[in-house]
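In: Sequence and predicted structure, then a few things I'm wondering about:
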Amino acid sequence: MSAGMSENDRNYAIYTAKPAWHAFGQVVQERMSPMAMVQRVNADYDVVKCPAPVRLPNGDVADVPNQFHLVRSNDSKVVSPATVTGQYEPVCPRALASLLDPWYEQGFGTPDAFFLLFDGRKEVLTLKLDDTSKPVSDQSEWSTYFVLQNAHGRGAVTGTVTRLRAVCANTVPTFAEWRIIHKASVHDKMEQAIRTWDKAREAIAKHNDALDKLASRAVDIPSTVDRLLGIERTSPNAAARVSTQKLNLRDRIVVAASTSPGVEGKTLADIYNGLTYLATTSGNGRGGSDPVKRMESILDGTRGRDLSGYFDTLMAM
């Protein structure tokens, strides 16, 4: 079993057309609204605040003033890593779905998945945007996703535009991110959806231009990967100081830049697509053998941050 998702939480997963890396959760073929997806897996629970108790020195139990746990209404599971105050406004999956329902109703996209991460402390709802733009230099079929993540206890829902399908090994990770709501602003979901769609289109166009730039730069793959990783080969002493771990990573990137799906081993874009392929498929690193942990790391962790750093470095070459 994955350490990132409990057996019970696996039942809340639903995906459209294609299964996730980990092959649990139900897969549906029909097109349905975000709210219908949440209801289909009985995830339309409330998240409520429950007083946080403390055991006193005399053995009595008392509530800590103005401190609450966030608890699911259906199974009483605590879903916050820390307590919150009375001013905190919990967000439940229904509210998350209500943010994407306008996108679906206005034809902006098709719901792709709903699932839980971090042992139920984060809910993720994704929409495949009906946007057919792609880099001029790229011949593959691109798909763009809008990913909403609700992290209990943080007070906000974040949204990202990405070309990585959150539930499978694809290519490009997050390239635009912003906070969608904070507390009571859920009521502005229609206006927010329109404003966010404008931001999404701008981000997609900007990212297409960046990928075109990478694809237009023909390079020697091995020496460019050396530069990317800061490997010096100017002298035998310099080469000897490079760690075996970094040399192994270098070799994996060189191979991935030439053999991953959709690459030709010729340009900066091939190096980047090789990197993203490794991020989604490689079992190396802490938690790498667990596909759910890899998904968490790409969406909200080290792998995603590393990919953003690599992208910036390649763009500067």
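Out: Cool, got the structure.

In: Enumerate every residue touching Ile271.
Out: Residues in contact with Ile271 (C-beta atoms under 8 Å, 6 or more residues apart in numbering) are 219, 221, 224-225, 228, 253, 257, 314. C-beta: built from backbone N, CA, C; applies to glycine.

In: ok, now with 10 Å
Out: 214, 217, 219, 221, 224-225, 228, 253-254, 256-258, 263, 265, 310, 314, 317 (C-beta atoms under 10 Å, 6 or more residues apart in numbering).

In: From those residues, list the buried ones, please.
Out: 214, 219, 221, 224-225, 228, 253-254, 256-258, 263, 265, 310, 314 (16 or more other C-beta atoms under 10 Å).

In: Low-confidence ranges, the protein, go.
Out: For the chain, the stretches with pLDDT under 70 are 1-7, 21-22, 137-141, 155, 166-194, 234-240, 287.

In: where exactly do the strands run in it?
Out: Counting by DSSP state E, the chain has strands at residues 14-16, 26-28, 47-55, 61-72, 109-117, 122-129, 144-151, 156-163, 172-182.

In: Using CSV, lay out the ones you listed together with distance to Pro90 and mean neighbour count.
Out: Shown next, in CSV, are the strands of the chain (distance: least, C-beta to C-beta, whole Å; neighbours: other C-beta atoms under 10 Å):
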stretch, distance to Pro90, mean neighbour count
strand 14-16, 22, 22
strand 26-28, 26, 14
strand 47-55, 4, 14
strand 61-72, 6, 15
strand 109-117, 15, 24
strand 122-129, 11, 24
strand 144-151, 9, 23
strand 156-163, 11, 21
strand 172-182, 12, 18
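
In: Give me the subset of the contacts of Ile271 lying in helices.
Out: Members of the contacts of Ile271 lying in helices (criterion: DSSP state H): 214, 221, 224-225, 228, 253-254, 256-258, 310, 314.

In: re the thing from before, just put the strands of the chain in JSON lines and tack on distance to Gly301.
Out: What follows is the strands of the chain, written out as JSON lines (distance: least, C-beta to C-beta, whole Å):
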{"stretch": "strand 14-16", "distance to Gly301": "21"}
{"stretch": "strand 26-28", "distance to Gly301": "26"}
{"stretch": "strand 47-55", "distance to Gly301": "23"}
{"stretch": "strand 61-72", "distance to Gly301": "22"}
{"stretch": "strand 109-117", "distance to Gly301": "10"}
{"stretch": "strand 122-129", "distance to Gly301": "12"}
{"stretch": "strand 144-151", "distance to Gly301": "12"}
{"stretch": "strand 156-163", "distance to Gly301": "13"}
{"stretch": "strand 172-182", "distance to Gly301": "11"}
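
In: gap between the most far-flung residue of the chain relative to its centre and Asp270?
Out: Taking C-alpha atoms, centre = their mean, the residue of the chain most remote from its mean C-alpha position is Asn58, at 46.6 Å. Separation of Asn58 from Asp270 (C-beta to C-beta, to the nearest Å) stands at 68 Å.

In: close enough to count as contact, Ser98 and Pro34?
Out: Yes - Ser98 lies in contact with Pro34 (C-beta atoms under 10 Å); the separation is 7.9 Å.

In: And the two? Which one has more around it.
Out: Neighbour comparison, Ser98 and Pro34: the larger count goes to Pro34, with 28 against 19 (by other C-beta atoms under 10 Å).

In: The more buried one and Ala97, how far apart?
Out: Applying C-beta to C-beta to Pro34 and Ala97 gives a distance of 4 Å.

In: With Lys122 instead?
Out: Distance from Lys122 to Ala97, by C-beta to C-beta: 15 Å.
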